[in-house]
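# Need a 3D model of the sequence below.
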Amino acid sequence: MFSALTHLKQTIESYYPISAVVWSDYQQCLTLKLVNKGEFLYTLGDIPTSFSFLHKGLMRAYVADSEGNEFNKNFFYEGRFPGSMSALINNEASFLAIQALEDCEIVEIDFTKFRRVLFNTPELMMFHINYLEKHWLLEKEIKEIGYLQFEAKQRYLKFLEDYQEVLSRLPQFHIASYLGITPTQLSRIKKGIIK
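Just a heads-up that it's a prediction; the model follows:
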């Protein structure tokens with residue numbers, strides 16, 4: 001059986017190889033957990049102490065306005081690292097909530113222990129840099145440019161491309177929220193594409 005720790009190690013090594021010694025040190029930061037559908041991994045306003053590796057399942061990260069309206073910012077699926085990184089780095093309350101959309105198996109990563117290992121391990125630093133560049137800089141920049149330049153239909157087509165692996169697992173109202181449109185607008189866009 002493909003274990004969560006094996007999956008995590010393979011994911012790390014897809015960005016940069018690490019030695020057995022580094023992997024052993026890294027494992028001291030880890031705790032295996034289950035998060036049930038609908039439960040929160042991290043809630044709005046909490047000061048997080050960890051981030052996670054998602055072995056199985058699907059999660060969403062969202063923000064909420066003062067009236068309680070929710071706006072999806074990101075979706076995390078197998079092989080990704082959900083967390084509120086700015087809150088962790090600044091040791092402040094998170095403006096993001098991360099909620100399980102399915103039953104999830106995660107590896108929770110203690111942030112303080114992780115940083116200790118990270119700053120003493122060039123291999124782990126290289127993994128971290130490569131992961132952050134790809135997923136937190138390049139992907140984020142493309143998404144932000146898309147929101148400024150593209151109409152809702154183009155944003156939806158880009159969403160289909162980016163999230164094709166999990167598209168069938170996402171409720172339409174969550175997709176609409178991510179795109180910044182209503183479910184009715186999304187329905188119209190989909191009908192227009194089919195024609």
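
# Ramachandran angles for the closest residue to residue 169 other than its chain neighbours?
Sequence neighbours aside, residue 58 is the residue nearest to residue 169 in space, at 5.4 Å (criterion: CB to CB, 6 or more residues apart in numbering). Heads up, the C-betas are built off the backbone N, CA and C, glycines and all. The phi/psi pair for residue 58 (degrees, to the nearest 10) reads phi -140, psi 140.

# Please tell me I have it right and residue 58 contacts residue 99.
No - using CB atoms under 8 Å, residue 58 is not in contact with residue 99, being 10.1 Å away.

# neighbouring contacts of the host helix or strand of residue 63?
Following DSSP states H and E, one finds residue 63 within strand 58-64. Residues from elsewhere that reach strand 58-64 (CB atoms under 8 Å, 6 or more residues apart in numbering): 35, 41, 44, 70-77, 82, 84, 95-102, 104, 166, 169-170, 174, 177.

# quick one: buried residues of it?
For strand 58-64, burial by neighbour count (16 or more other CB atoms under 10 Å) applies to 58-62.

# what's the answer for stretch 128-135, then?
Applying a neighbour-count criterion of 16+ other CB under 10 Å, one finds 128, 131 buried in stretch 128-135.
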